[in-house]
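1. Please work out how this folds:
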Amino acid sequence: MRIQRNRCLSVVVGGLAAGLISTACAPSHNEAAMPGPAGPPEVAVLSVQPECVRITTELPARAAAYLVAEVRPQVGGIIQERLFEEGSDVKQGDVLYRIDPAPYQAAYDNAVAGLARAEANLPPIRLKVARYKEALEAKAVSQQAYDEALGALKQAEADVEYWKAAVQSARINLGYTRVTAPISGRIGKSNVTVGALVSAHQPVPLAVIQKLDPIYVDAPQSSANLLRLRRGLASGRIRGDEAGQTRVRLLLEDGTPYPLEGTLKFADVTVEPSTGSLILRMVFPNPDYVLLPGMYVRAVVEEGVVEQAILVPQQAVSRDPKGNAIAMVVDAQNRVQVRMLAADRAIGDKWLITSGLAAGDRVIVEGLQRVRPGVPVRVVPFEAGRSRGPATGSAPSAPSTRQAE
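-> Below is the predicted model:
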């Protein structure tokens with residue numbers, strides 16, 4: 001009985017050992033299911049082609065009146081009448097206010113009377129001088145008597161000239177009682193009412209007239225950008241406007257484009273030290289008075305034309321740790337290379353590249369996260385606006401580890 005039990009134990013131990021050996025030698029299920037190595041990653045590339053691009057700069061700006069005239073009285077008195085509608089258009093020479101003319105009319109009449117008196121005294125003195133001259137030649141009067149008569153004549157002539165000037169001054173002051181518009185334009189609110197006392201050259205204007213058609217738009221421009229533009233024009237990379245006038249477009253405060261195009265009139269000759277910028281002044285037609293003085297707008301200034309511009313999508317350009325612009329390109333052997341770029345400015349959703357790329361270069365736009373310099377890739381054309389699915393060559397999902405029963 002003991003011998004039979006030992007035999008059974010030997011059989012069980014031997015079976016367990018054989019099972020362990022067979023389990024250790026057999027391959028695992030996961031190792032049998034692992035796929036082979038993946039192929040080269042797929043990337044979408046854009047073949048660079050030069051194109052003609054118009055260079056523009058968008059600047060914050062404010063509108064300013066083309067002409068501004070502050071209406072002030074040149075004589076003092078009581079306002080008797082206001083002859084315009086506030087906010088209306090007036091023409092040069094239109095009467096705006098009427099000041100009480102009574103004291104100035106009296107001064108004018110007094111000057112006219114004084115002139116008449118002086119002119120009446122002049123003929124007798126002239127005749128007296130003529131008679132004394134003849135008598136002096138005949139030795140009938142002394143030289144002193146003749147000199148005194150001649151002096152009286154000159155004094156009478158001076159009196160006539162004095163009263164002529166007084167009449168002219170009184171006439172001017174009387175005319176100033178009619179306050180007229182110095183320029184044509186749109187007049188604002190009146191700062192005085194009928195019955196108000198005004199004085200000559202007072203600091204507060206009676207009203208303000210502004211010419212709004214055309215209208216100025218002033219925008220600050222960085223002096224560094226201006227120097228960069230001049231270098232581009234000098235090198236021939238940027239071609240200026242053949243007509244000699246820079247065209248400008250406007251975007252209103254709500255983002256809508258202004259329908260009429262303007263021109264750049266001049267650039268200021270002084271750079272503001274605190275901001276490093278200078279003022280660009282533009283002129284726009286404004287027939288409907290859409291633009292008003294002080295209104296905030298954005299000016300889109302056309303700087304010139306780049307005949308052979310290299311544009312690449314912004315998503316294709318990245319930055320290295322030093323902040324330099326770089327891009328990945330695919331060479332003739334379909335291997336990835338790194339290019340250092342000089343990105344001038346953003347134009348829409350693209351970068352304008354001034355150096356680092358040439359015509360025909362294949363720039364990687366999609367799939368950058370799956371490549372590194374020197375690795376081979378599979379190339380497909382980039383299609384703008386198309387959402388691409390996962391690229392082939394990516395790692396497959398892990399298979400199930402559940403054993404079939």
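
2. Show me the shaky parts of the stretch 1-150 of the chain.
-> Across the stretch 1-150 of the chain, residues meeting the criterion (pLDDT under 70) sit at 1-38.

3. Also the stretch 301-405 of the chain?
-> Of all residues in the stretch 301-405 of the chain, those with pLDDT under 70 make up the ranges 385-405.

4. Going along the chain, name the strands of it.
-> 317-319, 325-330, 336-347, 350-355, 362-366, 378-381 (DSSP state E, counting those that start in this stretch).

5. The first one pairs with which strands?
-> Strands adjacent to strand 317-319 in the sheet, as given by DSSP bridges, are strand 325-330 (antiparallel).

6. Flag every buried residue along the partner strand.
-> Along strand 325-330, these residues count as buried under the neighbour rule (16 or more other CB atoms under 10 Å): 325-330. Glycine gets a C-beta too; all of them are placed from N, C-alpha and C.

7. May I have the distance across stretch 41-56, first residue to last?
-> Using CA to CA, to the nearest Å, the span of stretch 41-56 from its first residue to its last is 39 Å.

8. Check which residues of that stretch are buried.
-> Buried residues in stretch 41-56, counting neighbours by 16+ other CB under 10 Å, are found at 41-46, 48, 53, 55-56.

9. same thing with stretch 334-341?
-> Burial within stretch 334-341, assessed by neighbour count using 16+ other CB under 10 Å, is assigned to 336, 339, 341.

10. ok, now stretch 371-380?
-> Within stretch 371-380, the residues that qualify as buried by neighbour count (16+ other CB under 10 Å) are 371, 377, 379.

11. Does residue 156 belong to a helix, a strand or coil?
-> Here residue 156 takes the helix state, with states given by DSSP: H, G, I helix; E, B strand; the rest coil.

12. Surely it touches residue 120?
-> No: proximity of residue 156 to residue 120 does not meet the contact threshold set by CB atoms under 8 Å, at 9.8 Å.

13. what would the buried residues of stretch 371-380 look like in TSV with distance to residue 178?
-> Formatted as TSV, the buried residues of stretch 371-380 follow (distance: CB to CB, whole Å):
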residue	distance to residue 178
371	83
377	86
379	83
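
14. Pick the one among the residues you listed closest to residue 304.
-> Nearest to residue 304 among the buried residues of stretch 371-380: residue 379, at 35.1 Å, using CB to CB.

15. Quick one: list the elements packing against whichever helix in the chain runs longest.
-> Ranked by number of residues, the top helix in the chain under DSSP state H is helix 102-137. Using 3 or more CB pairs under 8 Å, 6 or more residues apart in numbering; DSSP states H and E as the contact test, the elements touching helix 102-137 are helix 143-175.

16. what's the next secondary structure element after the helix it packs on?
-> Under the assignment DSSP states H and E, the closest C-terminal helix or strand after helix 143-175 is strand 178-180.

17. Enumerate the positions of that next one that are buried.
-> For strand 178-180, a neighbour-count test (16+ other CB under 10 Å) marks 179-180 as buried.

18. Pairing partners for it, with directions?
-> Strands that pair with strand 178-180, judged by DSSP bridges, come out as strand 95-99 (antiparallel).

19. Need the CA coordinates for the partner strand. CSV is fine.
-> The C-alpha atoms that make up strand 95-99 are tabulated as CSV, following Å, rounded to 0.1, in the frame of the first residue of the first chain:
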residue,chain,number,x,y,z
VAL,A,95,-23.3,135.8,-41.6
LEU,A,96,-23.4,133.8,-38.4
TYR,A,97,-24.0,136.4,-35.7
ARG,A,98,-25.0,140.1,-35.6
ILE,A,99,-23.6,142.3,-32.9
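
20. more crowded one of residue 156 and residue 120?
-> Applying other CB atoms under 10 Å to residue 156 and residue 120 shows that residue 156 carries more neighbours, namely 19 against 11.

21. What separation do you get for the more buried one and residue 147?
-> 15 Å (CB to CB, to the nearest Å).

22. ok, now residue 101?
-> Using CB to CB, which is the criterion applied here, residue 101 is 46 Å from residue 147.

23. Over to residue 191?
-> Counting by CB to CB, the gap from residue 191 to residue 147 is 60 Å.

24. cool, residue 221 as well?
-> 75 Å.

25. who's more crowded, the two?
-> The residue with more neighbours, out of residue 221 and residue 147, is residue 221; 20 against 12, by other CB under 10 Å.

26. give the contact list for that one.
-> Applying CB atoms under 8 Å, 6 or more residues apart in numbering to residue 221 gives the contacts 57, 59, 267, 277-280, 301.

27. Between the residues you listed, which sits nearest residue 76?
-> The closest of the contacts of residue 221 to residue 76 turns out to be residue 279 (CB to CB; 38.9 Å).

28. And the helix or strand harbouring the closest one, what does it pack against?
-> Take DSSP H and E as the rule and residue 279 turns out to sit in strand 277-284. Applying 3+ CB pairs under 8 Å, 6+ apart, one finds that strand 277-284 contacts strand 51-71, strand 207-222, helix 223-235, strand 247-251, strand 262-267, strand 296-313.

29. Now do that strand: distance to the chain's middle.
-> Between the mean C-alpha point of strand 277-284 and the mean C-alpha point of its chain there is a distance of 7 Å (CA atoms, centre = their mean, to the nearest Å).

30. Over to stretch 343-350?
-> A distance of 19 Å separates the centroid of the chain from that of stretch 343-350, by CA atoms, centre = their mean.
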